[in-house]
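K.L.:
Give me coordinates for this.
(one chain, ligands or ions: 2)
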Amino acid sequence: MTPTREEREAKLQGMGCKRKRVEDVRFTQGRGQYVDDLKLPGMLFGDFVRSTYAHARIKKIDASAALALPGVKAVLTAADLKPLNLHYMPTLAGDVQAVLADEKVLFQGQEVAFVIAEDRYVAADAAELVEVEYEELPPLVDPFQAMAEDAPLLREDIKDKTEGAHGPRKHYNHIFDWQIGDKTGTDAAFQGADVTIKEMLSYHRTHPSPLETCQCVASMDKIRGELTLWGTFQAPHVIRTVASMLAGIPEHKVHVIAPDIGGGFGNKVGAYPGYICSVVASIVLGVPVKWVEDRMENLSTTSFARDYHMTTELAATKDGKITAMRVHVLADHGAFDACADPSKWPAGFMNICTGSYDIPVAHLAVDGVYTNKAPGGVAYRCSFRVTEAVYAIERAIEILAQKLGMDSAELRMKNFIKAEQFPYQSALGWEYDSGDYHTAMRKALDTVGYDALRAEQTAKRDAFRRGETREIMGIGISFFTEIVGAGPTRNCDILGIGMFDSAEIRIHPTGGVIARMGTKSQGQGHETTYAQIIATELGIPADDIMIEEGNTDTAPYGLGTYGSRSTPVAGAATAVAARKIKAKAQMIAAHMLEVHHDDVEFDIDGFRVKGLPEKRKSMKEIVWAAYNQPPPNMEPGLEAVSYYDPPNMTYPFGAYLCVMDIDVDTGVYKVRRFYALDDCGTRINPMIIEGQVHGGLTEAFAVAMGQEIRYDEQGNVMGASFMDFFLPTAVETPVWETDHTVTPSPHHPIGAKGVGESPHVGGVPCFSNAVNDAFAFLGSTHIQMPHDHWRIWKAARALGA
Ligand code: PCD
Ligand SMILES: [Cu+]
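P.N.:
Ligands and ions are numbered 1, 2, ... in the order given. Alright, predicted model coming up:
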């Protein structure tokens, strides 16, 4: 029996299919291959001596006791790196960062010396034996004090630098001042406004904390002059370029391999001193050197997120039409500006802060400052500050609604960009590709029964006022617009390399396919989903397609996986490469069927003659012919590569709603309901999308409700272990309800937008809005995150509840 069209289609497991994750076969059986699984002959282990102080001068480093410990091979300090000019490394943000502290330390946990020994434990013991003599300096912890006249000078290495990477510096602790929008117009709109609101919205410091910490193995083969670097890299090619530039080894002799990765969440985008020190140690000692961060090192020294203090203002008419937005951000970057934003964007895409609303005029100014804290500032499920931007606008909308005495869902509906306005030009310079916000919002409100919830809330408030209950109820809404798919090379680059991405597809004679990408999955499921794109495009079953990522020797150059860019950029490259192959396959099919190539058409898993559907060649037959008997004058083989430079970003969006009950006497909250509607355009794998949304919401819950990297006045890190850093388990995590609408991206070859970051971007303000909404009737306008039980209890007390 010939299979039906549906059966043929189903066999492909292409786009739209809930294909099971192929990588999970090895992950669930403990057969993943991670960096720490790598054991090379003669391999040594490196460990850091780290600063105990937040700010101090290094008077002396004495490594003699450490060197005397059996098994210790060497101890590296800045003095050893200086002659090689490696004691500082360039950051992706145009700053430099100390690889090993040079004369002074600038944050607690900073790398001071690198001990190399026979095993991890000896290295750790030896690190304890290195004696560092410090002279304490006054620490600068509060970013609001960074530019005070008498603030301690942090960066002596650049104290005379008047120009930062992004314009003039106002103070020795100032990094950059970035402004965008129409200042005069905005100020004028505020002056004449009926209603204005202004609130300082702080987004606290947190950390992505992936299950696997950052780690690498460096192996220098001096005979061949080749360096191999295995590591937990979200962007392997960028690491290759950096390693080549720093070590002075030609790029073709640097092999970077990212094996399986146990979660990245942005933590593994940048380059860390551990990588450089391992490379130097391997060059010096001539054997492989492994470096593996422990949990405390991970939380306290690598790539934190946020620490954005956003003074947010909205102006509106009496009936709730928003007329202007003004935001000033004080950005705490820690001791070095080690953000991994595209180089022209010192504050990432913070200028998406006008959100989903048609705001005629806006102005944004960001001041970056140094403090005695760990560097980073980029990551955590939204690399480019969209989480911050959405937090600012979505809290501001609630505050404005409160002031206007208007329902916040209604205020949103009133100001949404309308479906017919897309492509929409925002006041702060973006062109939103597509959206249908009203439909998504209405669907969300209808599904949760919004009016009934508000009625219930009113009744509860009355009961609370009458003293009949001590429980209050919050309804949190957030409607977000993300911006992912960095990005067009005309305005996005890293180290000068445009942010295109790539795919190479090669079809073997019997129909098996290998495809290689410049991106790198850290758990997202790329091996499953890229194969689905190719399956649909080429009519080859996904099970016959192998996806390989993370080996810079085999994959075409790509900028890596972060900022939900894999689908918008590499996903597009995959479709384009597949279409190149398809075009050739069409020629071959036409030749086989003895008709003109215009007279054949693609049909699920092969080509058929137009009007004569029984005259067809399957993809398998065509592939074989490509190697066996290609048409005259055609090269044999079937493969293609695409470097895809996206014409625009993609703008996924969503409507989230959270219902929370709070006991004012204990601060204990319960998330009664969390509904998340996401629109990421064409959906490649609905099951993976649902998993992405669950993961992102769980992280949003963690951040909004407790996760925090806090510092005391001395600059001691207070949240550097899982004892103090809130990591929700299945016990605390709410139940997620997911939903979707589909508004394809008009410029993406398959209409897909990213989704991985969305739930985090939309989730955090949704939780925070729920807590704030619960307390609003007591006269509160804004309670800062994180909303742990203790802080909620404190807020309740402060409001006299
Ligand atoms: N439409 C659509 C979209 C999407 N998808 C799917 O989903 C996923 C995702 O995607 P995207 O959105 O494109 O993204 P990507 O690029 O791939 O990734 C990235 C992201 O991802 C997320 N998710 C995840 N998951 C996991 N598991 N792990 C991890 O680590 C992670 N991370 C996180 C983050 S943080 Mo950043 O880095 O901060 O920037 S960014 C991020 C994949 O698989 C794909 O394919 C589908 O299906 N469809
Ligand atoms: Cu993002």
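
K.L.:
can you pull the pLDDT of Val256?
P.N.:
Here, the pLDDT recorded for Val256 equals 98.

K.L.:
How about the residues of the stretch 251-400 of the chain by ligand 2?
P.N.:
Cys382, Val386 (Cβ under 5 Å from the ion). Any C-beta I mention is one placed from the backbone N, CA and C, and that applies to glycine too.

K.L.:
what residues are up against the nearest residue to Thr77 once chain neighbours are set aside?
P.N.:
Closest residue in space to Thr77, ignoring its immediate chain neighbours: Ala113 at 4.8 Å, by Cβ to Cβ, 6 or more residues apart in numbering. By Cβ atoms under 8 Å, 6 or more residues apart in numbering, the contact list for Ala113 reads Phe48, Val49, Ile61, Ala63, Val75, Leu76, Thr77, Leu100, Ala127, Val130, Val132.

K.L.:
Mind checking which of the residues you listed land in helices?
P.N.:
Ala127 (DSSP state H).

K.L.:
Just give me the closest of the contacts of Ala113 to ligand 2.
P.N.:
Phe48 (31.0 Å; Cβ to the ion).

K.L.:
Kindly confirm my reading that His591 is in a helix.
P.N.:
Yes - assessed with DSSP: H, G, I helix; E, B strand; the rest coil, His591 lies in a helix.

K.L.:
Need the three-state assignment for the residue lying closest to it once chain neighbours are set aside.
P.N.:
Spatial nearest neighbour of His591, chain neighbours left out: Pro631 (3.9 Å); criterion: Cβ to Cβ, 6+ apart. Look at Pro631: counting by three-state DSSP, its state is coil.

K.L.:
From Ala590, how far off is Pro631?
P.N.:
8 Å (Cβ to Cβ, to the nearest Å).

K.L.:
the more surrounded of those two?
P.N.:
Ala590 (19 against 15; other Cβ atoms under 10 Å).

K.L.:
quick one, what contacts that one?
P.N.:
Counted by Cβ under 8 Å, 6+ apart, Ala590 has contacts His596, His597, Asp599, Val600, Phe607.

K.L.:
Just the buried ones from these, in PyMOL syntax?
P.N.:
Only the buried members of the contacts of Ala590 end up in this PyMOL selection, burial being decided by 16 or more other Cβ atoms under 10 Å:
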select buried, resi 600+607
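
K.L.:
Which of the contacts of Ala590 fall in strands?
P.N.:
Val600, Phe607 (DSSP state E).

K.L.:
Between the contacts of Ala590, which sits nearest ligand 2?
P.N.:
The closest of the contacts of Ala590, once distances to ligand 2 are taken by Cβ to the ion, is Phe607, at 40.0 Å.

K.L.:
Test my guess that that closest one contacts Pro613.
P.N.:
No - checked against Cβ atoms under 8 Å, the pair Phe607 and Pro613 is beyond contact range at 10.8 Å.

K.L.:
CA-only coordinates of stretch 402-415, as PDB, when you get a sec.
P.N.:
Coordinates of each C-alpha in stretch 402-415 appear next as PDB, following Å, rounded to 0.1, in the frame of the first residue of the first chain:
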ATOM      1  CA  GLN A 402      -2.900  53.000  39.600                       C
ATOM      2  CA  LYS A 403      -2.500  56.800  39.400                       C
ATOM      3  CA  LEU A 404      -5.100  57.100  36.700                       C
ATOM      4  CA  GLY A 405      -7.500  54.800  38.600                       C
ATOM      5  CA  MET A 406      -7.700  52.700  35.500                       C
ATOM      6  CA  ASP A 407      -7.600  49.000  35.000                       C
ATOM      7  CA  SER A 408      -4.100  48.100  33.900                       C
ATOM      8  CA  ALA A 409      -5.200  45.600  31.200                       C
ATOM      9  CA  GLU A 410      -7.400  48.300  29.700                       C
ATOM     10  CA  LEU A 411      -4.500  50.800  29.900                       C
ATOM     11  CA  ARG A 412      -2.400  48.300  27.900                       C
ATOM     12  CA  MET A 413      -5.100  47.700  25.300                       C
ATOM     13  CA  LYS A 414      -5.500  51.500  24.900                       C
ATOM     14  CA  ASN A 415      -1.800  52.000  24.100                       C
END
